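Novice: A structural model of the following input is requested.
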Amino acid sequence: MHRSLVLPSLLAVLAVCLDAAPPAPSLAVGRAALEGLPLRFEANQGQWSPEVRYLARGGSVKVALTDRGPSLRLPGTGRVDMVLEGARQPRIEPLEPFAARTDYFIGERSNWHTGVASFARVRYAQVYRGIDAIYYGNQGRLEYDFLLAPGADASAIRMRFRGADRLRITPDGDLEVEAGGSTIVEKRPAVRQGDVAIAGRYVLLARDVAAFRVGRYDRSRALVIDPLLVYSTYLGGTGNDTVTAVQLTSRGLLYVTGSTNSSNMPYINGAYSNGIVIPTATNVFLAILDTTAAGGYQPTYFGYIGGFYTDTPLAMVIDATGDAYITGTTTSTNFPMIGNSILPTFPVASTSSALTGVNTTGLTQTFVLELNPALYGEVSLLYSTFLGGTLGNTYGYAIDLDRAGNIYVVGTTLTGDFPVTGNCYQNTLWGGQDAFLTEFNTVSSTPIYSTYLGGEMDDDGRGVAVAANGLVYMAASTGSTEFPMAGYSYQGNLAGGYDVVLAVLDPNQFGTESLIYATYLGGSGSDEVRGMAVDASGNVLLTGYTLSTDFPVTADAAQPANGGDADIFVAVVNPFNPQFLLYSTYLGGSDAEVGYGIGADAENNVYVTGYTLSSDLPTTPNAPLPTYPGGVDIVAAKVIPHVPGRSGFGYLTYFGGASISSGQALAVAPDGTLYFAGFTGGGITTTSDAAQGAYGGGVTDGFLAVFAP
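Specialist: Numbers count the residues shown, from 1 in each chain. Prediction:
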């Protein structure tokens with residue numbers, strides 16, 4: 001069995017001290033966005049000196065990859081060459097090409113160079129016997145991994161920093177390289193074997209030479225000095241806790257929401273509430289973590305909101321000012337209401353008591369809220385409403401905003417008196433349950449547009465995204481043979497027990513004209529969508545599970561065949577592209593998998609998280625946890641569309657222990673940093689800076705983990 005050892009430097013950050021006023025907020029946001037973009041290693045086609053094989057620019061820093069290794073050109077006259085002492089002549093291979101190319105028209109025509117290719121990563125194969133080096137990163141940051149095959153010797157790696165004034169190992173174990181008034185910081189390597197942390201550190205061999213030292217470990221098992229795991233923490237107490245949604249802002253603030261019935265979860269004074277309402281309640285929690293280098297993943301906000309019974313957030317979106325919009329489900333008749341609510345009271349029969357909050361009818365309704373975390377206490381709740389009816393349950397699964405600040409909620413309802421508008425596409429419940437779409441804003445108690453959408457059987461609305469032109473993309477699952485179709489459908493008929501549906505609506509149109517596109521997507525088994533997102537090119541990303549052996553996949557799929565039972569599917573579609581299905585792949589082993597969270601980076605690489613029961617998941621050599629730990633386990637993957645075969649998985653890994661765990665949500669930074677979260681029964685690896693390093697107890701804890709690009 002192939003095993004590998006991975007030795008990353010994890011982070012090389014250029015830190016230059018400047019005595020200057022802080023930038024204006026708009027400039028800071030712009031810089032943050034640029035710093036999140038991946039490095040582009042341009043191939044040398046004659047536009048540079050012959051010794052340069054690839055060159056990348058990151059702000060005021062240039063990284064030249066030569067036959068001897070990387071050379072960093074720092075601000076001013078500083079330069080550091082990182083030479084691998086005793087290395088062999090490597091085979092240099094570019095990886096992960098970018099679609100964009102560069103043209104150089106400088107001076108005479110003989111000096112022009114067109115169509116210059118760029119790559120996200122460059123591999124130096126066999127720099128030492130059995131050892132590869134891979135270089136990658138984002139603006140202002142160079143990262144590199146060492147991959148060791150079985151039998152390779154980690155002590156062979158010796159890094160000489162030519163041009164450095166001084167090397168120093170900090171008390172935290174980081175390696176600082178000082179040169180020309182600048183400091184390069186290489187974070188301490190994180191070493192583990194399974195879920196057991198192994199000691200690992202830098203050592204100085206000479207004034208400008210550093211190496212790795214790894215503590216004792218079981219040499220019969222794989223060892224990882226992690227190229228991916230940056231941060232990992234539990235979020236939970238002695239009850240039942242789970243994270244259901246995460247969102248990342250351009251300022252590096254990570255919003256995390258979920259549900260808890262633990263009375264000993266943390267709080268930060270000044271939030272809407274400092275704990276659950278009563279000991280028997282399950283309420284919403286909202287935490288905000290600062291993921292910037294200065295913030296160090298410390299929480300800046302931690303609060304709670306809810307009623308006397310069960311409140312579960314299922315989706316969240318953040319506006320430009322930092323307000324959080326959350327939708328989910330509640331059985332609390334006294335869930336806090338404020339503002340121009342569409343339904344200010346819980347839709348129940350008269351046997352229920354709004355005073356006590358006890359829901360004697362057993363109905364579940366949708367809630368939608370807007371919360372400003374910058375305000376103190378209860379005034380931070382700016383708006384809330386119920387959505388639903390008195391004849392059945394209603395579940396809010398997805399939420400988005402348009403440029404005008406209008407709110408869009410998609411979900412599933414079983415009630416025949418759901419609030420619809422006169423301009424709706426469908427004004428009555430057709431099957432046992434239909435999907436719904438509601439558009440509204442907080443200045444009016446009347447929806448702008450609200451409709452059922454479904455056929456004669458069960459339909460389940462799960463995703464929503466609003467395009468810049470105001471069109472609304474909606475994802476659902478259906479067992480209906482008569483689900484409404486519109487436009488040039490990719491697949492006009494139900495193929496199996498359940499199929500995915502993608503619909504596009506224009507709420508500015510009236511009635512049946514408002515549905516402008518709809519198609520089935522599925523095979524002869526049952527296929528259901530659980531997550532939806534939009535990439536930087538405006539393509540729709542879909543994930544969930546498929547039981548079909550003939551689910552539509554593309555010729556360049558990373559995994560073209562079903563691994564067995566239910567597999568995750570990852571699909572990239574565009575209803576306004578004649579091809580529609582731009583990319584599609586299975587992801588799974590011989591047992592069951594389900595995908596819940598999906599997203600993309602600036603280069604349209606796709607990320608997915610969910611759970612697996614398979615012991616033979618096709619994990620990649622760089623996986624932080626390549627072997628099955630048992631139980632129901634978290635899965636996290638980076639998929640590179642249009643790269644066929646297993647190379648199409650940038651990484652694919654388990655993440656968890658021998659318990660019941662699942663990834664439920666994710667957020668992706670432009671540079672490909674993955675933030676994924678969900679719930680776990682324990683056994684996950686946490687980092688030394690975790691907010692909560694140990695399992696809190698109870699049924700499950702929430703978790704948050706971060707993988708570097």
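Novice: list the contacts of Gln45.
Specialist: By C-beta atoms under 8 Å, 6 or more residues apart in numbering, the contact set of Gln45 is 113, 116. C-beta coordinates here come from the backbone N, C-alpha and C atoms, glycine included.
Novice: and the pLDDT at it?
Specialist: Confidence at Gln45, expressed as pLDDT, is 83.
Novice: again with the one 5 residues further on
Specialist: We have a pLDDT of 88 for Pro50.
Novice: before we move on, what about Val191?
Specialist: pLDDT at Val191 comes out at 65.
Novice: look at Tyr520 and give its secondary structure.
Specialist: Classification of Tyr520 by DSSP: H, G, I helix; E, B strand; the rest coil places it in strand.
Novice: would you confirm that it contacts Gly496?
Specialist: No: assessed by C-beta atoms under 8 Å, Tyr520 is found out of contact with Gly496, at 9.4 Å.
Novice: and the longest strand along the chain, what's buried?
Specialist: In the chain, with assignment by DSSP state E, the single longest strand is strand 118-128. By 16 or more other C-beta atoms under 10 Å, the buried positions in strand 118-128 come out as 118-124, 126-128.
Novice: if we can go back for a sec, of Tyr520 and Gly496, who's got more company?
Specialist: Using other C-beta atoms under 10 Å as the criterion, Tyr520 and Gly496 rank with Tyr520 on top: 23 against 18.
Novice: who does that one bridge with?
Specialist: Note on Tyr520: beta-bridge partners Val501, judged by DSSP bridges.
Novice: equivalent analysis for Glu178, please.
Specialist: Arg166, Thr183.
Novice: how many other residues sit next to it?
Specialist: Counted with other C-beta under 10 Å, Glu178 comes out at 16.
Novice: check Ala558 too.
Specialist: 26.
Novice: distance of the residue nearest to it when sequence neighbours are not counted from Asn577?
Specialist: Spatial nearest neighbour of Ala558, chain neighbours left out: Gly648 (3.0 Å); criterion: C-beta to C-beta, 6 or more residues apart in numbering. Note on Gly648: its distance to Asn577, by C-beta to C-beta, to the nearest Å, is 20 Å.
Novice: tell me which of these two has more neighbours.
Specialist: Gly648 (23 against 13).
Novice: from memory that one sits against Val639, does it?
Specialist: Yes: counting by C-beta under 8 Å, Gly648 touches Val639, with 6.3 Å between them.
Novice: so what sits against both of these two?
Specialist: 558, 585.
Novice: what are the structural domain limits within the chain?
Specialist: 5-196, 239-387, 393-521 (automatic domain parsing).
Novice: hang on, the earlier thing: next, give phi and psi for the residue nearest to Ala558.
Specialist: Phi and psi for Gly648, reported as degrees, to the nearest 10, are phi -70, psi -10.
Novice: repeat that for Thr446.
Specialist: phi -110, psi 130.
Novice: ok, back up a step: any idea which of the domains of the chain gets closest to Asp567?
Specialist: domain 393-521 (13.7 Å; C-beta to C-beta).
Novice: so how far is that closest one from its chain's centroid?
Specialist: How far domain 393-521 lies from its chain's middle: 25 Å, per C-alpha atoms, centre = their mean, to the nearest Å.
Novice: mean confidence score for it?
Specialist: 97.
Novice: Ile318 versus the residue of the chain most remote from its centre, what's the distance?
Specialist: Seen from the C-alpha centroid of the chain, the residue lying at the greatest distance (C-alpha atoms, centre = their mean) is Glu108, 46.6 Å away. Glu108 sits 51 Å away from Ile318, going by C-beta to C-beta.
Novice: now swap in Thr412 and tell me
Specialist: 24 Å.
Novice: after the helix or strand Thr312 falls within, next one along is what?
Specialist: For Thr312, the element it lies in under DSSP states H and E is strand 311-318. Using DSSP H and E, the next helix or strand after strand 311-318 towards the C-terminus is strand 324-330.
Novice: and the angle from the helix or strand just after that next one to strand 324-330?
Specialist: Scanning forward in sequence from strand 324-330 by DSSP H and E, the next helix or strand is strand 365-371. Using axes from the mean of the first three to the mean of the last three C-alpha atoms, to 10 degrees, the inter-axis angle of strand 365-371 relative to strand 324-330 is 160 degrees.
Novice: show me the contact partners of strand 365-371.
Specialist: 272, 286, 305, 311, 323-331, 335, 339, 343, 346-347, 380-388, 393-396, 399, 407, 409, 411, 442.
Novice: tell me which strands the longest strand of the chain pairs with, and in which orientation.
Specialist: Strand 118-128 has its sheet partners listed here by DSSP bridges as strand 41-43 (antiparallel), strand 91-97 (antiparallel), strand 131-138 (antiparallel).
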